[in-house]
Structure formats: C-alpha cells, structure tokens
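# How does the following fold in three dimensions:
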Amino acid sequence: MLNKRFLLILLFIFIFNLSVIDNVRAIEIDSKLTTEFNYSHIDDNSLPKAVIEDLESDIESTLELSLSGIYKLYQYNIILEGETEDSSLDIEEATISGMIANGILEVGKRDWTWGKGFDYSPTYPLNSDENYIGSELSWMVDYSTFKVGASLDSDDKRFYSSWIKFNSLLESSDYTLILSYQQDDSELEDLYQPLKKANTVRKEDGINLGMNYSKDFLNGLTMRGEYNLRYWRSEREESSYYLLGGEYITEGSKVITLEYYRKEDDYLICVIGNQGDSFADWSWELEEVYNLSDFGQRRSFELAYTAKDKLTPSVEVINFLGPKDSQFQENPKDWTVKFKVTIDFL
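A predicted model of the protein is given here:
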C-alpha cells in the first residue's frame, strides 16, 4: 500500500512539473478536502450488533488532488483521491485524449455516463456512479457525432461493456441512437449484510438497442425521453427500460424536474431546487422518489451554503418510507442525516 501511494504521488508531481516545460500549458490545478459525518436510525433488530453499529454512524475524510493540462497536441486529466476510512490513495480518474486522423481518441479511467435523465439513463449499460477503464473514439461531421467505445471494471475484470453511438443535433432538439453490449460475471453482494459472503455469480450477457431524444422549447421547458431494449442472450429474455420526463426553470431560477422511468419496477421522481440561481448564497434541493410497484418512498432534502468560494458546508436528510416489504424498506435504515464540509485549497 505504501509503495502504491508513493508511486501515485510521484506521478502527480511529474505531471505538475510538466507545466514548466515548453509547449505545455496548465489548465487547472485543484485540491480539496471533504469531511462527511453520517448518522442513521436502524430499524432491524435481527441484524448482528456489530453490523448495526457499523451502519449506524461513520465519519470519513476524502482528499482530492486534480490536475488537467495540454501537452503539445494532447490533453490530460488526473484526479487522485485518498480516503481516511481505509487509508487508501487511488487514481479516481486519469485520461489522455488527442487527435487521431479526423477523430478524437480518449483513453483512461473516468465516468463514461451519457443520457439526460436526472437520476437514471436506460441506455447506459454500466453503473452510473462508478468510473471505468476504457476508451472512446469519436468523429464529428456537421451537426452529427459518431462514437465507438469500450470499458471494463478496474476492480472486477469480469464486468465490461462496449458501445456504438450516433448523435445528431437538430434546430432545438437532439437524438442519439445506441447499440451496446455488456457482460457481467461478477459476484453478487448483500448490501445490507456485509458480513455475509457472496456465493452467487451473475452471468449476464446482454445486447442493448436504445434511443435518447430531448427537445428544448426555448421558454425554460425541456422534455426528454429514453428507451432501451435489452436482449439477455444468456437467459434468452427481453426487457425494456425507458424514461419520460422534463425540466422547467422558472423566472426565479428554480429548477423543477419530473420523471417517470422503468427498470425492474416503475418509479416517479419529483425534484425542485434552486440550482439555476448562480447568485444565491444557499443551494437547496428537495427530491421525492416513488416506487409505483410496491409504494415505497425515498425522500431527501439537501441544503448547502455556497457564498464562500473555499468553504462549502452542507446537510442532507434522507427518509425511507412505505410498506415493510417494499424496496426502500428493505434498507434497515429508517432515516439518515449527512453533514459534510468541503474545503477548496486552490
């Protein structure tokens, strides 16, 4: 672990020193520290005491170092992230991109997520909250873009995907056609019983055919829709995933989002906040997620003080409601409070 940290620090210093070499122009250097304290009320006496204590509260600090720049005809970006909970220092993101013939090639580890959904993109075959090692080659002709890419999980090489995307911009709308493949042979985990060993392996081999479409009415209202048809070759089954929704920005810079989407169940998401007001001292967001299949609910409210450039404190309260056999109530946490402070050093 020590050698790994040492090599990562040397890598960051080496790239930092590139800024003094000819033909190199540093774009951005940043460093920030985030400390988060979480407290949850556990409503499941059947869990072992050690598990309850572990789930009930935790505190974690994360140090993030980032640097992006241009070296000759190439652009690079690297983010190092260290966590106090497990004393780790990892490369969270590292990419390099440049011109290849008439296209642009990007290689490295990052979040490859696409789609305009607030909390979900049916056509994206990977986990939207994780970064993956991969590459993507793109060409742009007039108002259309063609992309070919592939990625795999750096922690579990049995989870990987590839895709082809075609995007076209119209006068006030755009659409994307997507063909992707995914393979997932990773082990299943019990999220709420971490002491329980996983003994089941996914064997999912899927082909996806999807489409994204969005329309801007130029009056603060934007509508969007996404559809994905997935054929599981390993199980010889078809499944459909889709999203319908819209976003409206009021004259007072409030952002209202309403979305309906289907995964295994049907969900309705309602969000209102003031993220559109860049001059406000306080940023707030209220989110409600309804599972229309089992009537479970997830309700959250987040408040952050954004008047200071270098210091951002925030608090988030999350409630899990609904019948005991609903998806959200399978989580042993009734409610959670998160206190977070972010300090930007540069």
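
# Is residue 253 in contact with residue 273, as I believe?
No. Counting by Cβ atoms under 8 Å, residue 273 is not a contact partner of residue 253; they are 9.9 Å apart. Every residue, glycine included, has its C-beta placed from N, CA and C.

# For the spatially most central residue of the chain, give its distance to residue 214.
The centre of the chain sits closest to residue 129, judged by Cα atoms, centre = their mean, with a distance of 3.1 Å. From residue 129 over to residue 214 the distance is 22 Å, taken as Cβ to Cβ, to the nearest Å.

# got it, and residue 248?
From residue 248 to residue 214 the distance is 14 Å (Cβ to Cβ).

# Report the rounded mean pLDDT for stretch 128-146.
Averaging the model's pLDDT scores along stretch 128-146 yields 93.

# picking up where we left off before, got any residues that touch both of residue 248 and residue 214?
Both residue 248 and residue 214 are contacted by residue 222, under the criterion Cβ atoms under 8 Å, 6 or more residues apart in numbering.

# my guess is residue 164 is in a strand, correct?
Yes. With DSSP: H, G, I helix; E, B strand; the rest coil as the criterion, residue 164 is assigned to a strand.

# Show me what the helix or strand hosting residue 206 is packed against.
In the assignment (DSSP states H and E), residue 206 maps to strand 204-216. Applying 3 or more Cβ pairs under 8 Å, 6 or more residues apart in numbering; DSSP states H and E, we find strand 204-216 packed against strand 173-184, strand 221-232.

# Dump the ones you listed to a markdown table, plus mean neighbour count.
Shown next, in a markdown table, are the helices and strands packed on strand 204-216 (neighbours: other Cβ atoms under 10 Å):
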| stretch | mean neighbour count |
| --- | --- |
| strand 173-184 | 18 |
| strand 221-232 | 18 |
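
# For the ones you listed, could you give me CSV that also reports distance to residue 67?
Listed next are the helices and strands packed on strand 204-216 as CSV, based on distance: least, Cβ to Cβ, whole Å:
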stretch, distance to residue 67
strand 173-184, 31
strand 221-232, 34
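
# the helices in this structure, which residues?
With DSSP state H as the criterion, the chain has helices at 2-17, 49-56.

# which parts of the last one are buried?
Of the residues in helix 49-56, those scored as buried under the neighbour-count criterion (16 or more other Cβ atoms under 10 Å) are 51, 55.

# what do you get for stretch 138-153?
138, 145, 147, 149-153.

# Tell me how far it lies from the chain's centre.
The chain centroid and the centroid of stretch 138-153 are separated by 20 Å under Cα atoms, centre = their mean, to the nearest Å.
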